[in-house]
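Novice: this one's structure only:
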C-alpha cells in the first residue's frame, strides 16, 4: 500500500512539473508572437511604397524587416 502512494505521488509531481513547463513555454511563445506582430506592424508603416520582406529564423526569434 505504501509503495502505491509513493508511485502516485511521483506521478502527480511529474505531471505537475510537465504541465508547468508546458505553460511556461506557451507563455514565452505567445509573448514573442505579440512582439513580432508589433514589429511587423511598424515595418509596414515605415515601408511606404517600398517592397518589404519579413524574415524569421526560428520559433523564439524575432522577425526582421528588409526594405527593397
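Specialist: Cool, got the structure. Note that the coordinates shown come from a computational prediction; the quantities given were computed from them, not determined experimentally. Numbering: from 1, shown residues only.
Novice: and residue 31, what does it touch?
Specialist: With contact set as CB atoms under 8 Å, 6 or more residues apart in numbering, residue 31 has no partners. (Each C-beta comes from the backbone N, C-alpha and C, glycine too.)
Novice: which of the residues in stretch 2-22 are buried?
Specialist: If you call a residue buried by 16 or more other CB atoms under 10 Å, then stretch 2-22 has no buried ones at all.
Novice: Check stretch 26-43 too.
Specialist: 32, 39, 43.
Novice: Nearest to residue 13 among these?
Specialist: residue 32 (29.0 Å; CB to CB).
Novice: average pLDDT across the helix or strand containing that closest one?
Specialist: Using DSSP states H and E, the secondary-structure element containing residue 32 is helix 2-47. The average pLDDT for helix 2-47 rounds to 94.
Novice: okay, now the residue lying closest to residue 44 once chain neighbours are set aside: neighbour count?
Specialist: Spatial nearest neighbour of residue 44, excluding adjacent residues (CB to CB, 6 or more residues apart in numbering): residue 52 at 6.8 Å. Applying other CB atoms under 10 Å, we find 14 residues neighbouring residue 52.
Novice: Got phi/psi on residue 52?
Specialist: With angles defined as degrees, to the nearest 10, residue 52 sits at phi -130, psi 140.
Novice: Return the residues in contact with it.
Specialist: Contacts of residue 52 (CB under 8 Å, 6+ apart): 43-44, 65-68.
Novice: what is it paired to in the beta sheet?
Specialist: residue 67 (DSSP bridges).
Novice: From residue 38, how far out is it?
Specialist: According to CB to CB, to the nearest Å, residue 52 and residue 38 sit 15 Å apart.
Novice: Tell me which residue lies nearest the centroid of this structure.
Specialist: residue 29 (1.0 Å; CA atoms, centre = their mean).
Novice: residue contacts, that residue?
Specialist: Contacts of residue 29 (CB under 8 Å, 6+ apart): 59-60.
Novice: any idea how far it is from residue 1?
Specialist: 43 Å.
Novice: Over to residue 40?
Specialist: 58 Å.
Novice: Same question for residue 65.
Specialist: 63 Å.
Novice: Out of those two, name the residue with the larger neighbour count.
Specialist: Ranked by neighbour count (other CB under 10 Å), residue 65 and residue 1 place residue 65 first, with 15 against 4.
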